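S.K.: Compute the structure for the input listed below.
(one chain, ligands or ions: 1)
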Amino acid sequence: MSEIHKRYKAEGDKIIRTKKICERCGDAVYMAEHPDRQTCGKCGFTQYKRGRKTS
Ligand SMILES: [Zn+2]
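M.R.: Below is the predicted model:
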């Protein structure tokens, strides 16, 4: 089993879990996935993944 395969699988799962809708545009627009943030290609809204942990 290669590291590449293992990593790809993990990232794929992560992308699915973190895929979200733009809170400005509404439910038809998805945020683009980046390593440390998510951006909307329509309105340009950017949301960073790293933030304060609640609780
Ligand atoms: Zn948007």
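
S.K.: ok, which residues in this structure are in contact with the ion?
M.R.: 22, 24-25, 40, 42-43, 45 (Cβ under 5 Å from the ion). Placement of C-beta: from N, CA and C, glycine included.

S.K.: now do 8 Å
M.R.: 22-25, 29, 31, 40-45 (Cβ under 8 Å from the ion).

S.K.: Could I get these in a markdown table, plus columns for pLDDT and neighbour count?
M.R.: Conversion of these to a markdown table gives the following (pLDDT from 0 to 100; neighbours: other Cβ atoms under 10 Å):
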| residue | pLDDT | neighbour count |
| --- | --- | --- |
| Cys22 | 93 | 21 |
| Glu23 | 91 | 13 |
| Arg24 | 94 | 11 |
| Cys25 | 95 | 15 |
| Val29 | 90 | 16 |
| Met31 | 91 | 21 |
| Cys40 | 95 | 19 |
| Gly41 | 93 | 12 |
| Lys42 | 94 | 15 |
| Cys43 | 96 | 12 |
| Gly44 | 96 | 9 |
| Phe45 | 95 | 15 |
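
S.K.: show me where this structure has strands.
M.R.: Listed in chain order, the strands of the chain (DSSP state E) span 31-33, 37-40, 46-48.

S.K.: ok, what's across the strand from Glu33?
M.R.: On the basis of DSSP bridges, Glu33 takes part in beta bridges with Gln38.

S.K.: ok now do the residue nearest to Lys19 when sequence neighbours are not counted, which residues does it touch?
M.R.: Leaving aside its chain neighbours, Lys19 sits nearest to Tyr30 (6.2 Å; criterion: Cβ to Cβ, 6 or more residues apart in numbering). Applying Cβ atoms under 8 Å, 6 or more residues apart in numbering to Tyr30 gives the contacts 19-22.

S.K.: Please repeat the previous calculation with a cut-off of 10 Å.
M.R.: With contacts defined as Cβ atoms under 10 Å, 6 or more residues apart in numbering, Tyr30 is in contact with 19-22, 38, 40-42.

S.K.: got TSV for those residues, with distance to Lys49 too?
M.R.: Putting the contacts of Tyr30 into TSV (distance: Cβ to Cβ, whole Å) gives the following:
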residue	distance to Lys49
Lys19	12
Lys20	11
Ile21	15
Cys22	15
Gln38	7
Cys40	14
Gly41	17
Lys42	20
